[in-house]
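> Can you look at this prediction? I've put the sequence above it.
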Amino acid sequence: MADDLIVLGIESSCDDTAAAVVRGVDILSSIVHGQTDLHKDFGGVVPEIAARAHAEKLDHCVEEALMQANIGFDQLDGIAVTAGPGLIGGVLSGVMCAKGLSAATGLPLIGVNHLAGHALTPRLTDQIAFPYLMLLVSGGHCQFLIVDAHDRYRRIGGTIDDAPGEAFDKTARILGLPQPGGPSVEKAAGQGDPNRFVMPRPLLNQPGCDMSFSGLKTAILRARDAVIADGGGLTAQDQADLCAGFQAAVTDMLTEKTRRALEIYLAEAPAERSFAIAGGVAANGPIRASLQQLCADHETAFIAPPLALCTDNAAMIAYAGMAKLAVGAIDDLTLSARPRWPLDDRAAPMLGSGKKGAKA
Ligand code: KG4
Ligand code: ZN
């Protein structure tokens, strides 16, 4: 890719308003304004509140990103924006903002698939070679992709219902732990016994790389109610043991399905053997350690970009946009926002829709 292209990226597909300036693989600025406080009373992201907050924040965010990068519009080569998949109001806010900027400056407009942003991040951070195996695992996504090129992805499996981050968040809610659930469940699990409550591992022994996490919340709810009926309440140790049992089940499922995905990928004899992980759940210590060990056993490089680039951000959108710009794949003012936009058009559509937006 041209090392000297400078692209502004804009991201607003879920609950983070973000803008970034990237030159080649150098991130000159990356601004992310979260909306956790706005949604915390509702137990999930409220699309209308998110869209309004994006519309209010986007231009400040862009200004901040340009200022921090010390780059003017006249130095940019293009404007990349998430055009889907995601919550339609938020995606529309970003697309309208980018169209306005493109119309005013004459700069090329590039519509980017949010999942492509995540999937190409290991190239931005570690310059790994194609093809590589990728696990996207967050509050809204969970899928295995073989990334053949910036515009060629094969989805070889994924969740058929909830995303794992969603399951962490629901578990926290059921047990009265703070949101987001991932970090609080992980912390509690560290003090718990994973063998006291053995949680189900759906689809574990079924062939293929598909996964299911929605049964876990029912299992946690039942186990919690049984403990309360028995002991009259939930102690901190009960909470910790339930979290440990839950986390062990998620870790086992992700590890076993990653083992199968690796087998499919490695059977193709890639020149360099690389596995990358992205999404908020990639922050989980035990899950990360288990996948890292699996990769070591399979003599495959394990790449986990820094957390700020694993979760939603606009640097990944700028970078994915740059890859399109470099081959002339640009859009015009007819660019539309797409709530659903699978990276792999040939794969069967995934079921369900996460609380954090449409799964693809
Ligand atoms: O990628 P992300 O920031 O946003 C999207 O979902 O797009 O991921 C957020 C998700 C939340 O569900 C959160 O609970 C989960 O990632 N998460 C974790 C951890 N940190 C964040 N899950 C497990 N363990 C963690 N340490
Ligand atoms: Zn995301």
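Right, received. Where do you want to start? Residues are numbered from 1 along each chain as shown. Ligands and ions are numbered 1, 2, ... in the order given.

> State whether Val137 and Val281 are indeed in contact, as I suppose.
Yes - using C-beta atoms under 8 Å, Val137 is in contact with Val281, at 4.3 Å. (Glycine included, C-beta is placed from N, CA and C.)

> what touches both of those two?
Shared contacts of Val137 and Val281 (C-beta atoms under 8 Å, 6 or more residues apart in numbering): 164-165.

> so does stretch 11-21 get close to ligand 1?
Yes - contact of stretch 11-21 with ligand 1 is found when judged by C-beta under 6 Å from any ligand atom, involving Cys14.

> Quick check: end-to-end length of that stretch?
Taking C-alpha to C-alpha, to the nearest Å, stretch 11-21 runs 12 Å from one end to the other.

> Could you pick out the residues of this protein near ligand 1 for me?
Residues of the chain lying near ligand 1 (C-beta under 6 Å from any ligand atom): 14, 138-140, 165-166, 168-169, 180-183, 186, 279-281, 283-284, 311-312, 356.

> What lies in contact with stretch 128-136?
Contact with stretch 128-136 is made by 115, 118-119, 122, 142-149, 254, 258, 261-262, 265, 268, 270-272, 274-279, 291, 300-301, 303, as judged by C-beta under 8 Å, 6+ apart.

> redo that, cut-off 7 Å
115, 118-119, 122, 142-149, 258, 261-262, 265, 270-272, 274-279, 303 (C-beta atoms under 7 Å, 6 or more residues apart in numbering).

> Also stretch 113-122?
Contacts for stretch 113-122 (C-beta under 7 Å, 6+ apart): 13, 82, 84-86, 128, 132, 134, 136, 141, 145, 147, 150, 153, 276, 278-279, 303, 305, 309, 316-317, 319-320, 323, 341, 343, 360.

> on that earlier part again, quick one: which of the contacts of stretch 128-136 sit in strands?
142-149, 274-278, 303 (DSSP state E).

> Kindly write the PyMOL command that selects the buried subset of these.
Remark: buried members of the ones in strands among the contacts of stretch 128-136, expressed as a PyMOL selection using 16 or more other C-beta atoms under 10 Å:
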select buried, resi 142+143+144+145+146+147+274+275+276+277+278+303
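
> what's the lowest-pLDDT member of the ones in strands among the contacts of stretch 128-136?
Lowest pLDDT of these: Ala278, 91.

> Quick check: bridge partners of that one?
Leu136 (DSSP bridges).

> Please look at it and Cys310 and confirm they touch.
Yes - using C-beta atoms under 7 Å, Ala278 makes contact with Cys310 at a distance of 4.8 Å.

> For the closest residue to Ile146 other than its chain neighbours, grab the count of nearby residues.
Ranked by C-beta to C-beta, 6 or more residues apart in numbering and with sequence neighbours excluded, the top spatial neighbour of Ile146 is Arg154, at 4.5 Å. Neighbour count for Arg154, taken as other C-beta atoms under 10 Å: 17.

> quick one: contacts of the helix or strand hosting Arg154?
Element membership for Arg154, per DSSP states H and E: strand 152-158. The contact list for strand 152-158 (C-beta under 7 Å, 6+ apart) reads 119, 142-148, 208-211, 257, 261, 264, 343-344, 347, 350.

> Now do the residue nearest to Ile146 against Ala119, distance only.
11 Å (C-beta to C-beta, to the nearest Å).

> With Asp37 instead?
The value you get for Asp37 to Ala119, if C-beta to C-beta is used, is 30 Å.

> Looking at the two, which is more packed in?
Ala119 (24 against 7).

> one step back: distance from the chain centre to the strand holding Arg154, please.
15 Å (C-alpha atoms, centre = their mean, to the nearest Å).

> Direction included, what does the host helix or strand of Ala20 pair up with?
Under DSSP H and E, the secondary-structure element containing Ala20 is strand 16-23. Strand pairing for strand 16-23, using DSSP bridges, gives strand 6-11 (antiparallel), strand 26-34 (antiparallel).
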